[in-house]
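A.B. asks: 3D model of this:
(one chain, ligands or ions: 1)
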Amino acid sequence: IWGTSTSSFQIEGAAAEGGRVPSVWDTFCRIPGKVVNGDHGDIACDHYHRYREDIALMKQLGFRYYRFSVAWPRIIPAPGVVNEEGVEFYSRLLDEVEQAGLTPMLTLFHWDLPQWLQDMGGWTNREVLEHFRLYASTLMDRFGHRISWWNTINEPYCASILGYGTGEHAPGHQNWYEAFTAAHHLLICHGIAMDLHREKGLSGQIGITLNMEHVDAASASDEDIAAAARRDGFLNRWFAEPVFHGRYPEDMIAWYGEHVRGMDFVQEGDLERIHQPGDFLGINYYARCVVKAAANDSLLQLEQIKFTEPVTDLGWEIHPDSLYKLLKHVEQNYTKGLPIFITENGAAMKDELVEGEVQDTGRQQYIHDHLAACHRFIQEGGQLKGYYVWSFLDNFEWAFGYSKRFGIIYVDYATQQRTPKQSAHWMSRVIAANALEQ
Ligand code: FCB
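C.D. replies: Coordinates of the predicted model:
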């Protein structure tokens, strides 16, 4: 399955149209210093108005699979209220997707929480669960028969840890207890979506997407190895273990200590609800992480080694072998034969449009090498079923605004003109051949 991936806030724009209300990201973008250049999502790639053109381009390039997300603030503009205009937009989008012969994967939550929910405490308030239930239930009722794959939550780590812990993402809080509470509620929403899907008897497949890293210790010292285990616990195990094993990792609960206040946000039955692996696991993979122990004031008491090359424009180390290792590890420890999808993989590069072309050789190489890592895993019997490149279009890269380009399609934000980059033409050939060119 060769696909491409986007998310609502990053591409749609039309922030105040069609009955959409503000999301936490609209608010966050207005706080000076939070987003590079003060960029925001008011227009973004104007996909709300240009979706026909965008889907046509996908089809033209030979893609058959498309992963996108729905903007919660378009569907539920106020507590208990369904906005029909928002539902209609996604219905028209799906018409286009179907006519183009594309199979959709719909992500329920890719970070654009309605601001009205944040005003009640957002992901830290347990009431978010009932609001999510109405939102997810509405989408399943309206689109249940049209969706082959449901993605429940995209990267609960980012929405909780970066949103409420480090403050790099919306809503920009810095409180670890809030972050772990938010993470727990996000995971319960995965479980709620699983329950709804079953109760409604839907035929499509459903699963969560986690951002995962392969973590290496900077040295063979006991301290560095323990630091690597903490990083793995923080980013991977805290999210994968509840979903696949129905428990939070004990070593991390002990390490967090007062920051989780005896895990008092966990109620009876929660872990059973979260413990639903579903039909597949989505993995978003970008880079590996190398850490060493450090006696600093960070939560994990470690330092991440910064690489200068080979790295992407975001400074993320390019290390395809770690994708292979991660897949092996995930299959052995979590999925055990359940299908895996790479729901995102790609690279930010300094692209330039020169005489109507973008020669993004670095991105093409990045994708090539990561596909080769996937291929190796599959050849050894690994149950990897699909690869969705991140991203179809250059778009709003969260705290980096429009300064980082991840697309295989170049977007000129002044004119909204789309230009397929060299990597897009190359992927088109890979898809047509259903094989990796050397
Ligand atoms: C992932 C996000 C996605 C995109 C990529 C680069 O963490 O899911 O929206 O920003 O990173």
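A.B. asks: residues from this protein in reach of the ligand?
C.D. replies: Residues of the chain lying near the ligand by CB under 6 Å from any ligand atom: 7, 10, 154, 155, 158, 211, 284, 344, 390, 397, 398, 406. From N, CA and C alone the C-beta is placed, and that goes for glycine too.
A.B. asks: which ones are touching the first one?
C.D. replies: Under the criterion of CB atoms under 8 Å, 6 or more residues apart in numbering, the contact partners of residue 7 comprise 68, 69, 107, 110, 111, 112, 154, 395.
A.B. asks: avg pLDDT for the helix or strand hosting the third one?
C.D. replies: Meaning residue 107. Assessed by DSSP states H and E, residue 107 sits inside strand 103-109. Confidence over strand 103-109 (mean pLDDT, whole number) is 98.
A.B. asks: same check on stretch 239-247?
C.D. replies: So the average pLDDT for stretch 239-247 ends up being 98.
A.B. asks: which other residues reach that stretch?
C.D. replies: Under the criterion CB under 8 Å, 6+ apart, residues 156-157, 183, 187, 190, 208, 210, 212, 248-249, 271-272, 274-277, 330, 333-335 lie in contact with stretch 239-247.
A.B. asks: mind listing what's buried in it?
C.D. replies: Using 16 or more other CB atoms under 10 Å as the burial criterion, the residues of stretch 239-247 that qualify are 239, 240, 241, 242, 243, 244.
A.B. asks: in the stretch 251-400 of the chain, which spans are strands?
C.D. replies: 280-284, 289-293, 302-304, 340-344, 384-390 (DSSP state E, counting those that start in this stretch).
A.B. asks: turn the buried residues of stretch 239-247 into TSV, including secondary structure.
C.D. replies: Formatted as TSV, these follow (DSSP: H, G, I helix; E, B strand; the rest coil):
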residue	secondary structure
239	helix
240	helix
241	helix
242	helix
243	helix
244	helix
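A.B. asks: for the stretch 101-250 of the chain, what spans make up the helices?
C.D. replies: Listed in chain order, the helices of the stretch 101-250 of the chain (DSSP state H, counting those that start in this stretch) span 115-118, 128-143, 156-157, 176-199, 222-232, 238-245, 250-256.
A.B. asks: how far out from the middle of the chain is the first one?
C.D. replies: Same thing as helix 115-118. 21 Å (CA atoms, centre = their mean, to the nearest Å).
A.B. asks: what is that helix packed up against?
C.D. replies: In terms of contacts (3 or more CB pairs under 8 Å, 6 or more residues apart in numbering; DSSP states H and E), helix 115-118 is packed against helix 24-29.
A.B. asks: what's the mean pLDDT across the helix it packs on?
C.D. replies: pLDDT averaged over helix 24-29 gives 99.
A.B. asks: give me the low-pLDDT residue ranges for the stretch 301-438 of the chain?
C.D. replies: 438 (pLDDT under 70).
A.B. asks: can you list contacts of stretch 346-364?
C.D. replies: 286, 312-314, 316, 318, 366-367, 389-391, 394, 397, 400, 404-406, 408, 410, 412, 419, 421-423, 426.
A.B. asks: wait, I meant stretch 416-434
C.D. replies: With CB under 8 Å, 6+ apart as the test, stretch 416-434 has contacts from 2, 45-46, 50, 53-54, 57, 61-64, 351, 353, 356-361, 363-364, 367-368, 371, 389, 393, 407-412, 436-437.
A.B. asks: which parts of it are buried?
C.D. replies: So for stretch 416-434, counting by 16+ other CB under 10 Å, buried means 416, 418-424, 426-428, 430-431.
A.B. asks: hang on, isn't residue 384 packed against residue 341?
C.D. replies: Yes: contact status for residue 384 versus residue 341: in contact at 7.5 Å, counting by CB atoms under 8 Å.
A.B. asks: so these two - more neighbours on which side?
C.D. replies: Between residue 384 and residue 341, residue 341 has the larger neighbour count (other CB atoms under 10 Å), namely 25 against 20.
A.B. asks: that one: what's its closest spatial neighbour, skipping adjacent residues?
C.D. replies: Once flanking residues are discounted, residue 341 sits nearest to residue 386: 4.5 Å by CB to CB, 6 or more residues apart in numbering.
A.B. asks: the one you found and residue 376, how far apart?
C.D. replies: 16 Å (CB to CB, to the nearest Å).
A.B. asks: one more: residue 286?
C.D. replies: Taking CB to CB, one finds residue 286 at 18 Å from residue 376.
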